[in-house]
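> Dropping the sequence and predicted coords here.
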Amino acid sequence: KALDAGLLQPEPEPEPCPGRVDPAVEAALAAAPYDDGSIAATLFRQWPLVALVKLPGVGGGRGVVTTQAVTAGTVLMSETPFIPPPAAGWASAVGSASQAENDGPSESDTGEGWEPPPLHTAVVHLLLATGGIRRPEIRELHPQSLDPAVGCMTETQLERSWTEHAATVDALLQRYPCPPDRGSAAASVNNADAGSGDGSGPYNREEVLRCMLAVQFNAFGSGLYLALAMINHSCRPNASKFEPRSVKAEASSGSGKSEIVAVVDIPRGAEVTIHYANPITRSHRCRVELFQAQHQFTLPETSPFDTIDPLMDAKISPESAWVATASVERRLDILEPRMEAETGGTAHSLGCLEEARSCLEVVLAVLPPQHLVVIRSHLAVVRAAQAVIAANVRRRSTRKEHTEDERVAHVAAVSALRSCVAVDKSRYLPPTHHERATTASDMAALLGYLLSANPELLYRELATEGFGSFSLASRAEFAAKNRAEVLQALYE
C-alpha cells in the first residue's frame, strides 16, 4: 500500500534547479535580442523560446537562456550537425577520397585490423582532409582564439593543451600540410557536411590545435553542432538532448539531428543547461576528473545533489571507500557498452547480470544507498536482468513446471524489480524528468512479468517492498504504468 500510495501521490520532492535568472540577462532580453553578427546568433532567430546571450565567466562567455517561461517536455530548439560523427563520414571521406589525393590514410591504415583514431582526432582528420577546418562555424566554437589576452584560454590551459596535443598536431600537419584543391575528390566528398573552407594557404600549428580543442570541447557523439554547442553544462540540468521524435526517418538514417527539450518547468530568463558527461549517475569526483580531462574546466568542489541526499563526495570516508567506488565506475564503463551491444545469448546476458550485481554489492557496502554510483549500479542490474528475461521469453517452455532457465529469469526479474524500487525511492531526478518514466515503465513491466510467470516468488521475495499479494502487486503495476504514461505524454 505504501508503494502504491507513493506512486499515485508522490511525496514532496526537492525543488529542481531550473537555472539561474540573471537580472542583467532579463534586461537584455527586454531590450533586444543579442546579435553579434555571428552564424550562431543568426541560427537562434529561428527558435523563439531561447536566445543566445553573453555570460561572462561561464563556458566560452556565452550561454542560452529562455525568452519566456516553458514547461517540462517543451522542445526549445532543434539542430542538425554541420559535421557528422566520424562513423558517418570518416571511412568514406578520409579513407577513400582523401586517399585518392594521397593525403589520407594509406591502404594499410584502412585495411583489416585498422583501428580508427579517437573521436576528436578523427573529426579533425576529416576537417583537415576536406579543408573544413577553415569553415566559419569552426571558428565560432570555443575557444575562438588561443591568445590568452583575448580571454578564451588561460596561459595554464594553453600550456597544458600544447603538452597534450603537440605530437598529434605535428603528425596531422605532416599528413595534411595544406587544404586540398577546390576541385579535388577530397574537397568535394561530403561537401554539404564538412565542406572546404576559405583560404588555401598551408595549415599552421595554432589553427590545427585550436580546431582540435574546439572539437574536444564541443563535439557530441552525434556530431558537431554550432548552436547546441552554446548550451552550458550543469550537474543538475533543466534540459536534455534528444533525437527528435518528429523526424524518425532522419534519426534512423544517422543524421544526428537533435532536439533540446526542457525536463522541468523553466522560468523566463533562466539559463538552459544540459549534462555533458553521460551517464548522469557518475560520481561527482569522476565528473570532476572527466571535465578536467575533456573540457579543462573545474567543477565546483561540492556536489549539487547534496540538498537531495548525501551524495557529496567529501562526506564519504574512508578513502578506501573511494578506491572501491572508482573501481566500480571503471567496471561499469566497460559493462554498459557490453549491454548496449546486445550481442550473445543467455550466457552473455547472465554474465552481464552477475557483473552488475557484483558492482552493486561493492558500492552498497561503502556508499549511502542514495549515492549516484549506487543508483548507476541498480540501473545496470535492471538492464542486464531485462536481457536475461527477454532471452528466456523467446524460448519459453509450454510445460507447467518451470525450467531451470525460467527460474533463472524469474530470480533476475526479482533483482531488477528490487533495483527499480531503489531507484524510484532515490528521487535523484526531478519528478518530470523523462528517465523517471523509464523507471516506472520498467517497474510495471517487471511486475506484470512476475505476476504472470511466478507470482508466488514475487509475493515471497518482495513483500517488504509492498508486493506481498496479488491485490497489492497488481495495484502497484497499474499505478506504475499510469505514472509512466503521464510522464511520457509530456514528451510526445
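Right, received. Where do you want to start?
> got the contact list for Tyr225?
With contacts defined as CB atoms under 8 Å, 6 or more residues apart in numbering, Tyr225 is in contact with 79, 81-82, 218, 258. Glycine gets a C-beta too; all of them are placed from N, C-alpha and C.
> Which two of those have the greatest separation?
Among those, the pair separated by the greatest distance (CB to CB) is Asn218 and Ser258, at 13.3 Å.
> who's in contact with Gln296?
Taking CB under 8 Å, 6+ apart, we find Gln296 in contact with 153, 157, 160-161, 217.
> By neighbour count, which of the residues you listed wins?
Using other CB atoms under 10 Å as the neighbour criterion, Met153 leads these with 22 neighbours.
> Find the nearest non-adjacent residue to it, please.
When the adjacent residues along the chain are set aside, Met153 lies closest to Pro143, with 5.0 Å between them (CB to CB, 6 or more residues apart in numbering).
> that's a helix at the one you found, yeah?
No. Membership of Pro143 in a helix is not supported by DSSP: H, G, I helix; E, B strand; the rest coil, which gives coil.
> Let's test this: what are the backbone torsions at it?
Pro143 has phi and psi values of phi -90, psi 130 when expressed as degrees, to the nearest 10.
> what's the burial count for it?
Using other CB under 10 Å, Pro143 is surrounded by 21 other residues.
> who are the neighbours in contact with it?
When the contact criterion is CB under 8 Å, 6+ apart, the partners of Pro143 are 60, 152-153, 210, 213-214, 217.
> Just name the shakiest helix or strand of the chain by mean pLDDT.
Ranking every helix and strand in the chain by mean pLDDT, DSSP states H and E puts helix 98-100 at the bottom, with a mean of 32.
> Max pairwise distance over the contacts of Pro143: which two?
With CB to CB as the measure, no two of the contacts of Pro143 lie farther apart than Gly60 and Arg210, at 12.5 Å.
> The two - which one has more neighbours?
Arg210 (23 against 20).
> any idea how far Pro179 is from that one?
When CB to CB, to the nearest Å is applied, the distance between Arg210 and Pro179 equals 16 Å.
> I'd assumed Val264 was in a helix, is it?
No. The assignment for Val264 by three-state DSSP gives coil, which leaves it out of any helix.
> number of nearby residues for it?
The burial count assigned to Val264 is 23, neighbours taken as other CB under 10 Å.
> And for the one 3 residues further on?
The local packing count at Pro267 equals 15, with neighbours defined by other CB under 10 Å.
> if we can go back for a sec, go through the contacts of Pro143 and flag which are in helices.
Within the contacts of Pro143, membership in helices is found for 210, 213-214, 217, as judged by DSSP state H.
> Of all those residues, the one with the weakest confidence?
The pLDDT minimum for the ones in helices among the contacts of Pro143 sits at Phe217, where the score is 88.
> residues contacting Glu329?
Contacts of Glu329 (CB under 8 Å, 6+ apart): 282-283, 286, 373, 376.
> Which one (most neighbours) among the residues you listed?
Val373 (28 neighbours).
> Helix or strand: which one has the residue nearest the centre of the chain?
With distances taken as CA atoms, centre = their mean, Asn278 lies nearest the centre of the chain, 3.7 Å away. Here Asn278, judged by DSSP states H and E, is contained in no helix and no strand.
> before we move on, what about the one 4 residues further on?
Using DSSP H and E, Arg282 sits in no helix or strand.
> you'd agree it is up against Phe291?
No. No contact is recorded between Arg282 and Phe291 when judged using CB atoms under 8 Å, the distance being 10.6 Å.
> can you give me phi and psi for Phe242?
Recorded main-chain torsions at Phe242 are phi -120, psi 150, according to degrees, to the nearest 10.
> Grab the nearest non-local neighbour of Pro48.
Across the structure, with CB to CB, 6+ apart as the measure, the residue nearest Pro48 apart from its sequence neighbours is Thr67 (6.6 Å).
> What separation is there between the residue nearest to the centre of the chain and Ser240?
As it turns out, when the distance is counted by CB to CB, Asn278 lies 10 Å from Ser240.
> Pull the contacting residues for Met153.
Listed by CB under 8 Å, 6+ apart, the contact partners of Met153 are 143, 145-146, 161, 213, 296.
> Try it again at 10 Å.
Contacts here follow CB atoms under 10 Å, 6 or more residues apart in numbering; on that basis Met153 touches 60, 142-147, 159-161, 210, 213, 296.
> Check the gap between Arg45 and Ile39 for me.
In this view, Arg45 and Ile39 are 11 Å apart by CB to CB.
> And the two? Which one has more around it.
Under the neighbour definition other CB under 10 Å, Arg45 and Ile39 were set side by side, and Ile39 has more, 14 against 11.
> Val414 touches Ala463, doesn't it?
No. With contacts defined as CB atoms under 10 Å, Val414 does not count as touching Ala463, sitting 11.6 Å away.
> quick one, which of those two is more surrounded?
Neighbours were tallied for Val414 and for Ala463 using other CB under 10 Å; the higher tally belongs to Val414 (21 against 13).
> quick one: contacts for that one?
Counting by CB under 10 Å, 6+ apart, Val414 touches 385, 446, 450, 454, 457-458, 460-462, 465, 467.
> Just the buried ones among the residues you listed, please.
Neighbour-count burial within the contacts of Val414 applies to 385, 446, 450, 454, 457-458, 461-462, 465, 467; the criterion is 16 or more other CB atoms under 10 Å.
> hmm, back to that, residues that sit against both of Gly60 and Arg210, list them.
Going by CB under 10 Å, 6+ apart, residues that sit against Gly60 and also against Arg210 are 141-144, 152-153.
> Pick out the most distant pair among the residues you listed.
Set against one another by CB to CB, those have their most distant pair in Leu141 and Met153, with a gap of 12.9 Å.
> so where do the helices sit in the stretch 301-450 of the chain?
The residue ranges that make up the helices of the stretch 301-450 of the chain, judged by DSSP state H, counting those that start in this stretch, are 319-341, 346-366, 372-394, 404-426, 434-453.
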